[in-house]
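*Asks:* need coordinates for the following:
(2 chains)
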Amino acid sequence: MGKKGITKRSEDYSQWYLDVIERADLAENSSVRGCMVIKPYGYAIWENIQKNLDRMIKESGAKNAYFPIFIPKSFFSKEASHVKGFAKECAVVTHYRLKESEDGKGIEVDDSAKLEEELVVRPTSETIMYDTFSRWINSWRDLPLKINQWANIVRWEKRTRLFLRTSEFLWQEGHTVHMTHEESEKEVAERLNMYVSFAKEYLAMEVYSGRKSQSEKFAGALDTYGAEAMMQDGKALQLGTSHDLGQNFAKVFNIQFVDKDGQRKYPWQTSWGASTRMMGALIMTHSDDNGLVLPPNIAPVKAVILPICKNDNRERILSYAESVYKDLCSEFNAGEILFDDRDYLTVGEKFNEWEKKGVPVRIEIGEKEAEKSMCQVVRRDDGEKFFVDKGILGIELKNILKDIQEELYQKSKKNLVSKSHRVESYEEMKNILKGDGGFILANWCGCSECEEKIKYDTKATSRCLPLSGMNKEGRCIVCGKPCREEWIFAKSY
RNA sequence: CGGGGUGUAGUUCAGUUGGCUAGAACGCUACAUUCGGGAUGUAGAGGUCGCACGUUCGAGUCGUGUCACCCCGACCA
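*Replies:* Have a look, this model is predicted:
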């Protein structure tokens, strides 16, 4: 009756994904690869992310809309660096019809149904949205325009990785248009901060945020900003990005507005997004060897009630547990409290199942509890157990959930700090990256030669230049030239 | 796209120098006994050995091709 345990996380992150996603196992010989199936429990997590992030997005003034998944090839190729950045990972639709094959043994593409112009399956929606924006925007009165879209995205990556770089993923992409660069820069910063606070308040994650280097920026942007989280294995994972697009797209899509002074002008644009990868980060950050650990603010199920009964006391305990369940249901939203009265599983199996799924709190109800009109509450994050009076369970539970949320965040913060290393020499940097990894804080002159060398020597790339890294006098970790920017480097997913 | 590895039951894998009716564990189904940390017993279901071609009297096993997956590169907000 030994404990089986799931595979140690250090060996295989995918053990944590079992209840959340699985590899799409499509028909044999199918060239659709690297896709995921999001399971109901995983989708419930995504819905909680959507719900809360969507609220923050709307608070920024953006409105939700939906644009086509198909982008005419000609749109796509208008912005030179944009197309260069995405060209190698696009799925392209060339035909619109199938026909029965000559030998009657199957279906084949009907060559007579070839599209005049190929359609690109969106790898991001800048181009198709901005073509429309050019017709929506005429006057300064039409600005700022703030549009958000929840959609699926396809990027035919050479190498996929379950959850972190799948061929198809879900995301939210925001696109805004402003009169001045000052205004669009403010938007870029605010949306970056939105992702940082979302990570903190909902995902219970501490991140570094700042400007990306020129080599890491979005294809077509002036500047890209990102939020970077640190995983338990010392690798960085980007949570969200925010781009200052300048007037690059406005010029090629001919988005113009007549300003108050009567002049036709190109507006300034931004785009920003966060994807299902965020769930990957969430899971990889908090989980332990017993499975997922979900922050209460994002967990689909906040607490599970487990009656523990024997044959001779079953009815009594079940009816007591049910009254506890009803009490709690009146204080929580539908589905947030679960009553697990399955009698074909042993208690141990149930404990294990809910632990694996990361339900923040388990409420045990057995002989002792029923007698004293109490409940035993067990926290998923630290395993702490205590008795709570039935009468105050609802209030207590809310406090406990709040406490778990806060402690998970503090733990994440501690992890980020302990995995961040300010280095003074290139040797030190190489040694750390060869060992446990983590974030390296180091002065860098900003030239691409030094960045390339770091990448070649350590496989780490620059992650971002945080606010705190500006105006830090020092010498470039590689070439030794005096410089005043302290960048963050890390190996990343 | 280059280098390495792997495809056998739902899952993880074993399968000898090519040889007889294809193996285990877990999971699944039924019944009974259980139930405060991953239960036990009995019975049962479950396979075109990734796919194609080849070598052979005979292929899960050897060869070629192909497809998919994993790792490392290249690539990648």
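
*Asks:* switch to C-alpha atoms for all contacts and neighbour counts from now on
*Replies:* Noted.

*Asks:* which residue ranges of the stretch 251-400 of chain A form strands?
*Replies:* For the stretch 251-400 of chain A, the strands defined by DSSP state E, counting those that start in this stretch cover A:257-258, A:264-265, A:268-275, A:303-307, A:337-339, A:361-365, A:374-379, A:385-389.

*Asks:* mean neighbour count and mean pLDDT for these - can I get that in CSV?
*Replies:* Converted to CSV, those look like this (neighbours: other C-alpha atoms under 10 Å; pLDDT from 0 to 100):
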stretch, mean neighbour count, mean pLDDT
strand A:257-258, 20, 98
strand A:264-265, 18, 98
strand A:268-275, 25, 97
strand A:303-307, 24, 97
strand A:337-339, 20, 96
strand A:361-365, 24, 97
strand A:374-379, 21, 97
strand A:385-389, 14, 95
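
*Asks:* what's the closest of the ones you listed to A:Arg33?
*Replies:* strand A:268-275 (18.8 Å; C-alpha to C-alpha).

*Asks:* and that closest one, how far out from the chain middle?
*Replies:* 14 Å (C-alpha atoms, centre = their mean, to the nearest Å).

*Asks:* swap in stretch A:434-453?
*Replies:* Distance, centroid of stretch A:434-453 to centroid of chain: 25 Å (C-alpha atoms, centre = their mean).

*Asks:* next one: stretch A:390-397
*Replies:* How far stretch A:390-397 lies from its chain's middle: 33 Å, per C-alpha atoms, centre = their mean.

*Asks:* what lies in contact with that stretch?
*Replies:* A:Val324, A:Asp327, A:Leu328, A:Glu331, A:Ser373, A:Met374, A:Cys375, A:Val388 (C-alpha atoms under 8 Å, 6 or more residues apart in numbering).

*Asks:* rerun at 7 Å
*Replies:* A:Val324, A:Leu328, A:Glu331, A:Ser373, A:Met374, A:Cys375 (C-alpha atoms under 7 Å, 6 or more residues apart in numbering).

*Asks:* gap between the closest residue to RNA strand B within the stretch 301-450 of chain A and A:Ile317?
*Replies:* Closest residue of the stretch 301-450 of chain A to RNA strand B, C-alpha to the nearest atom of the strand: A:Gly366 (2.8 Å). Remark: distance between A:Gly366 and A:Ile317 (C-alpha to C-alpha, to the nearest Å) = 6 Å.

*Asks:* following the helix or strand bottoming out on mean pLDDT in chain A, which helix or strand shows up next?
*Replies:* Every helix and strand in chain A was compared by mean pLDDT, DSSP states H and E; the lowest is strand A:107-109, with a mean of 78. Sequence-wise, the next helix or strand downstream of strand A:107-109 (DSSP states H and E) is strand A:114-121.

*Asks:* show me what that following strand packs onto, helices and strands only.
*Replies:* strand A:70-72, helix A:73-76, strand A:92-95 (3 or more C-alpha pairs under 7 Å, 6 or more residues apart in numbering; DSSP states H and E).

*Asks:* would you map the helices across the stretch 1-150 of chain A?
*Replies:* Here the stretch 1-150 of chain A has its helices, by DSSP state H, counting those that start in this stretch, at A:40-59, A:73-76, A:80-86, A:126-136.

*Asks:* between these, which one is nearest to A:Glu407?
*Replies:* helix A:40-59 (19.5 Å).

*Asks:* and that closest one, what's buried?
*Replies:* Neighbour-count burial for helix A:40-59, counted by 16 or more other C-alpha atoms under 10 Å, picks out A:41-46, A:48-50, A:53-54, A:56-57.

*Asks:* with stretch A:260-267 instead?
*Replies:* In stretch A:260-267, counting by 16+ other C-alpha under 10 Å, buried: A:Lys265, A:Tyr266, A:Pro267.

*Asks:* list just the nearest of these to A:Glu185.
*Replies:* Distances from A:Glu185 to those, taken by C-alpha to C-alpha, are shortest for A:Pro267, at 12.2 Å.

*Asks:* so what's that closest one closest to, chain neighbours aside?
*Replies:* In space, and not counting its chain neighbours, A:Pro267 is closest to A:Met179: 5.0 Å by C-alpha to C-alpha, 6 or more residues apart in numbering.

*Asks:* and what of A:Thr94?
*Replies:* A:Glu118 is the one closest to A:Thr94 (C-alpha to C-alpha, 6+ apart), at 5.1 Å.
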